[in-house]
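*Asks:* Using only what follows, build the 3D model:
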Amino acid sequence: MDSFTSFFNSPRTRWKYDALKNFHQISPVVQNHLKLVYFTLCCALVASAVGAYLHLLWNIGGLLTVLGTFGGCIWLMSTPPYEEQKRITLLMATALFQGASIGPLINLAIHVEPSLILSAFVATALAFACFSAAALVAKRREYLYLGGMLSSGLSILLWLHFTSSIFGGSIALYKFQLYSGLLLFVGYVIFDTQEIIEMAHSGDLDYVKHAMTLFTDLVNIFVRILVILLKNSAYRNERKNKKRTE
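*Replies:* As a prediction, the model looks like this:
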């Protein structure tokens with residue numbers, strides 16, 4: 001019992017707790033800005049869930065919703081920051097189109113194993129929360145160096161995807177793109193969070209644009225985790241079927 005209490009009272013553990021509460025480097029203005037960013041992000045996730053539900057009802061997800069997502073992003077980024085209400089509406093519409101676009105994947109998961117959707121969502125939320133917290137408690141600008149490496153990695157993945165779509169690709173290459181893409185967007189959570197903090201310290205308090213950036217990271221992480229879970233579930237079912245036939 002003494003060793004248990006001494007662990008929580010040790011200087012090393014106190015340092016960990018203090019680090020988790022160390023937001024002194026973030027000014028109150030930036031803290032309020034981050035609250036707005038995460039609240040807007042939550043609203044965008046709700047809109048995305050509505051879009052996925054609409055696809056399940058009316059099968060609206062497809063090329064048009066993908067184009068609507070890209071168009072909404074471009075329209076949002078080109079709208080002046082002082083048109084706040086319009087930009088929020090554009091963000092929610094873009095999130096709704098995005099949810100409808102991944103609706104076919106969610107529909108597939110429902111038919112294969114509905115619990116995979118909850119598992120993917122929980123895993124995405126945990127990954128996002130952990131890496132966002134790491135960026136928040138870290139020293140300012142500590143992870144901004146990741147930007148160049150992440151951009152280079154994303155460019156490599158885009159070229160691999162482009163070449164494999166033209167010349168064909170192997171299963172190993174597809175798995176490499178899937179898992180490395182997941183790692184890249186997890187890294188983007190850290191980088192984008194610190195970049196948002198630095199931009200806010202510099203006076204850029206555009207919470208709609210910042211929420212859009214984090215929303216993009218979240219969706220990409222969720223899609224890749226769900227695909228990985230679907231592939232693992234299909235592999236398990238295939239092994240079960242083989243054992244039954246033997």
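
*Asks:* could you measure the residue nearest the centre of the chain against residue 240, distance?
*Replies:* Nearest to the geometric centre of the chain sits residue 218, at 1.4 Å (CA atoms, centre = their mean). According to CB to CB, to the nearest Å, residue 218 stands 33 Å off from residue 240. (Glycine included, C-beta is placed from N, CA and C.)

*Asks:* Show me what the longest helix anywhere in the chain is packed against.
*Replies:* Looking across the chain with DSSP state H, the single longest helix is helix 207-245. Contact here means 3 or more CB pairs under 8 Å, 6 or more residues apart in numbering; DSSP states H and E; on that basis helix 207-245 packs against helix 28-58, helix 63-78, helix 84-101, helix 103-112, helix 115-137, helix 171-201.

*Asks:* Of those, give the one that comes closest to residue 145.
*Replies:* Of all the helices and strands packed on helix 207-245, helix 171-201 sits nearest to residue 145, with 8.9 Å by CB to CB.

*Asks:* in the closest one, what's buried?
*Replies:* Across helix 171-201, burial judged by 16 or more other CB atoms under 10 Å covers 177-178, 180-182, 184-197, 199-201.

*Asks:* sorry, back to before: what is the burial count for the closest residue to the residue nearest to the centre of the chain other than its chain neighbours?
*Replies:* Leaving aside its sequence neighbours, residue 218 sits nearest to residue 128 (CB to CB, 6 or more residues apart in numbering; 5.8 Å). A count of neighbours around residue 128, defined by other CB atoms under 10 Å, yields 20.

*Asks:* wait, doesn't residue 209 sit right on residue 73?
*Replies:* No. Counting by CB atoms under 8 Å, residue 209 does not reach residue 73; the two are 10.2 Å apart.

*Asks:* what about this structure, any weak spots by pLDDT?
*Replies:* Residue ranges of the chain with pLDDT under 70: 1-24, 246.

*Asks:* picking up where we left off before, pipe the helices and strands packed on helix 207-245 into a markdown table and attach distance to residue 161 per row.
*Replies:* Formatted as a markdown table, the helices and strands packed on helix 207-245 follow (distance: least, CB to CB, whole Å):
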| stretch | distance to residue 161 |
| --- | --- |
| helix 28-58 | 23 |
| helix 63-78 | 15 |
| helix 84-101 | 17 |
| helix 103-112 | 17 |
| helix 115-137 | 21 |
| helix 171-201 | 6 |
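
*Asks:* re the thing from before, surely the residue nearest to residue 218 and residue 221 touch.
*Replies:* Yes. Counting by CB under 8 Å, residue 128 does reach residue 221; the two are 6.8 Å apart.

*Asks:* So for the two, which residues contact both of them?
*Replies:* In terms of CB atoms under 8 Å, 6 or more residues apart in numbering, residue 128 and residue 221 are both contacted by the residues residue 189.

*Asks:* picking up where we left off before, now for the residue nearest to the centre of the chain: which residues touch it?
*Replies:* For residue 218, the contacting residues are 41, 45, 124, 128, by CB under 8 Å, 6+ apart.

*Asks:* What count of nearby residues applies to the first one?
*Replies:* To tie it back to what came earlier, the one meant is residue 41. There are 22 residues near residue 41, going by other CB under 10 Å.

*Asks:* Thanks a lot, catch you later.
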